[in-house]
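Colleague: Everything below, folded, please.
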Amino acid sequence: MKLSGALSFLMLASASAFAPSTSNTRVSTSLQSQVTRNPNFGKLIGGYLFPEIGRRRNAYIEENPEMASKIISLGIGDTTQPIPEHILSGLVNSASKLGTKEGYSGYGAEQGMGDLRAKIADKLYNGIIKADEVFVSDGAKCDIMRVQQVFGSGVVTAVQDPSYPVYVDTSVMMGQTGEINKDTNQYDNIVYMPCTAENDFFPDIESSPRADIVYFCSPNNPTGAAATKEQLEHLVKVCKERGSILVFDAAYAPFIRTEGVPKSIFEIEGAREVAMECNSFSKYAGFTGVRLGWTVVPDELTFSDGTRVRDDFNRVMTTAFNGASNIVQGGGLACLDDEGLAEINTLIDYYLENANLLKEAMESIGYDVFGGTDAPYVFVKLPEGKKSWDMFSEILEKAQVVTIPGAGFGPGGEGYLRLSAFAPREVVVEACERLKVAMAN
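Modeller: Numbers count the residues shown, from 1 in each chain. Here you go, the predicted structure:
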């Protein structure tokens, strides 16, 4: 008993060594610092889109607790299928090595493991980029903010409208914008490039004002449109003529199945002089929670004074990032083995079939539908005059299905609804039946 008591005391003492003292802690509701808030955060309207969706979903469940088990999510693009066996083995083996003297590793290169950088360049780009142009990270979303840090507050940004909200929100945070224009629901000093069904969701960039930095996503989130080679050639040409830098978001590249549609901007001649590319394993291999991505910055991409953009991006990576997890990078290497690539193709086929089911369901009740062919998103045009947030609420009430209102991606998304194909198959089938009832004209 004495020994047991002593051990208990030691365990308690050991645990308390890591806990802060609370003896002098006081709770005050009136104390404020004298630090001025960053005014750029005050410009942001509401919360970030996807947490706002979660807030509204939770509010509905609180009001209707009996419906909690019936909720189906076709909202945020979060993968749901388990990580495949070979890819998982890469994660497991990398974790196991840390428990051995021979296999243990600490800090690695901030730019990523050399083997992984080389494998990305070889397997995903067929050698059209160099390994040392690849910067491995914890995901494309984080890299977008790192890109913004490189360009700073003194640039003008252009975005597709509608587009992934991270481009706009990080531009606001960096101080690149003015206030929100209440009439247009757009920020001053951002160039919004309209992407509509009438222009096949590809902007008339020549008619848009010049911007220093042009963000472009293909296959697109939320519209599902995948730009053709000719469209991307035109985009590169205009950026080159205007001296703009193109930030190409290729996070959904593996969903492209149409022959001849580029999966990388570097398939386009001249892109190395004007473009950088962000990508991620999130949708490739179900790594949304694992976190692994990369950004490619070619040697030829420079600022107006001749400084290489990659040198400044490297400075951000080495200053504010300690490199992606060693364990996760081991999983990335497994992704790019032949077995891993085959598993990725199987996953992508699964989600594309889900997209096809959603598309067919919406078309069967008379809606115009876009995307869902080379992308995991289905973009549904709503009846004339129907607001997308109203439709979001109506579907949640009637069908207990969570969708994403198009207006959340910018004013150009008003009148549309985005459906995600990342749910399990049986859930997608059930959602289709519910939506056909709730949205029937």
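Colleague: Only C-alpha atoms, please: export stretch 251-263 in CSV.
Modeller: Output of stretch 251-263 as CSV, limited to C-alpha atoms (Å, rounded to 0.1, in the frame of the first residue of the first chain):
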residue,chain,number,x,y,z
ALA,A,251,-6.3,21.1,-55.7
TYR,A,252,-8.9,19.2,-57.7
ALA,A,253,-6.7,18.2,-60.6
PRO,A,254,-7.0,14.4,-60.1
PHE,A,255,-10.7,14.6,-60.8
ILE,A,256,-10.1,15.6,-64.4
ARG,A,257,-11.1,12.8,-66.7
THR,A,258,-11.7,14.6,-70.0
GLU,A,259,-8.9,14.0,-72.5
GLY,A,260,-6.8,17.1,-73.2
VAL,A,261,-7.9,19.2,-70.2
PRO,A,262,-4.7,20.3,-68.3
LYS,A,263,-4.1,19.2,-64.8
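Colleague: can you list contacts of that stretch?
Modeller: Under the criterion Cβ atoms under 8 Å, 6 or more residues apart in numbering, residues 140, 217-221, 226-229, 232, 250, 264, 268, 278-280, 282-284, 293, 344-345, 348, 351-352, 373-376 lie in contact with stretch 251-263. To be clear about C-beta, it is placed using only N, CA and C from the backbone, and glycine gets the same treatment.
Colleague: any idea of the mean pLDDT for it?
Modeller: For stretch 251-263, mean pLDDT rounds to 97.
Colleague: Give me the buried stretch members for it, please.
Modeller: 251-256, 261-263 (16 or more other Cβ atoms under 10 Å).
Colleague: Setting the sequence-adjacent residues aside, check what's closest to the one residue sitting closest to the centre of the chain.
Modeller: When Cα atoms, centre = their mean is applied to the chain, the residue found nearest the centroid is residue 141 (5.0 Å). With sequence-adjacent residues excluded and distances taken as Cβ to Cβ, 6 or more residues apart in numbering, residue 141 is closest to residue 166, at 5.8 Å.
Colleague: quick one: secondary structure of that neighbour?
Modeller: Secondary structure for residue 166, judged by DSSP: H, G, I helix; E, B strand; the rest coil, is helix.
Colleague: Verify the contact between it and residue 143 for me.
Modeller: No - using Cβ atoms under 8 Å, residue 166 makes no contact with residue 143, being 10.1 Å away.
Colleague: who has more neighbours, those two?
Modeller: Applying other Cβ atoms under 10 Å to residue 166 and residue 143 shows that residue 143 carries more neighbours, namely 27 against 21.
Colleague: Show me what the helix or strand that contains that one is packed against.
Modeller: Per DSSP states H and E, residue 143 falls inside helix 140-151. Here helix 140-151 touches strand 134-137, helix 165-173, strand 245-249, strand 275-280, strand 293-296, helix 309-320, going by 3 or more Cβ pairs under 8 Å, 6 or more residues apart in numbering; DSSP states H and E.
Colleague: what angle do that helix and helix 165-173 make?
Modeller: 30 degrees (axes from the mean of the first three to the mean of the last three Cα atoms, to 10 degrees).
Colleague: and helix 140-151, which residues are buried?
Modeller: Quick answer for helix 140-151 (16+ other Cβ under 10 Å): 140-144, 146-148, 150-151.
Colleague: Which element is encountered next along the chain beyond the strand or helix carrying residue 418?
Modeller: Assigning secondary structure by DSSP H and E places residue 418 in strand 416-420. For strand 416-420, the following helix or strand on the C-terminal side (DSSP H and E) is helix 425-438.
Colleague: so can I have a markdown table of the helices and strands packed on helix 140-151 showing distance to residue 191?
Modeller: Output for the helices and strands packed on helix 140-151, formatted as a markdown table (distance: least, Cβ to Cβ, whole Å):
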| stretch | distance to residue 191 |
| --- | --- |
| strand 134-137 | 27 |
| helix 165-173 | 10 |
| strand 245-249 | 13 |
| strand 275-280 | 17 |
| strand 293-296 | 22 |
| helix 309-320 | 20 |
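Colleague: who wins for proximity to residue 366 among these?
Modeller: For residue 366, the closest of these is helix 165-173, at 29.4 Å, according to Cβ to Cβ.
Colleague: Output the below-cut-off pLDDT ranges for this protein.
Modeller: Within the chain, the ranges that satisfy pLDDT under 70 run 1-19, 21-29, 47, 441.
Colleague: what ranges do the helices span in it?
Modeller: 2-16, 39-43, 49-63, 85-97, 114-119, 140-151, 165-173, 229-242, 282-285, 309-320, 326-335, 338-364, 388-399, 425-438 (DSSP state H).
Colleague: quick one, which of those helices is nearest to residue 106?
Modeller: Using Cβ to Cβ, the helices of the chain put helix 326-335 closest to residue 106, at 8.3 Å.
Colleague: Tell me what residue 369 is bridged to.
Modeller: residue 380 (DSSP bridges).
Colleague: Could you tell me how far it is located from residue 260?
Modeller: 23 Å (Cβ to Cβ, to the nearest Å).
Colleague: same check, this time on residue 242
Modeller: For residue 242, the distance to residue 260 - Cβ to Cβ - is 27 Å.
Colleague: Equivalent analysis for residue 72, please.
Modeller: In terms of Cβ to Cβ, residue 72 sits 36 Å off from residue 260.
Colleague: Restrict stretch 128-148 to CA atoms and write it as CSV.
Modeller: Output in CSV follows, covering the C-alpha atoms of stretch 128-148 (Å, rounded to 0.1, in the frame of the first residue of the first chain):
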residue,chain,number,x,y,z
ILE,A,128,8.1,19.5,-66.4
ILE,A,129,9.1,21.0,-63.1
LYS,A,130,12.2,20.6,-60.9
ALA,A,131,12.3,19.0,-57.5
ASP,A,132,13.8,22.1,-55.9
GLU,A,133,10.9,24.2,-57.2
VAL,A,134,8.5,22.1,-55.0
PHE,A,135,7.7,23.3,-51.5
VAL,A,136,6.0,20.7,-49.4
SER,A,137,3.6,22.1,-46.8
ASP,A,138,0.6,21.3,-44.5
GLY,A,139,-1.9,22.1,-47.2
ALA,A,140,-2.9,24.4,-50.1
LYS,A,141,-5.2,26.6,-47.9
CYS,A,142,-2.2,27.4,-45.6
ASP,A,143,0.0,28.1,-48.6
ILE,A,144,-2.5,30.6,-50.0
MET,A,145,-1.8,32.7,-46.9
ARG,A,146,1.9,32.2,-47.3
VAL,A,147,1.6,33.4,-50.9
GLN,A,148,-0.2,36.5,-49.6
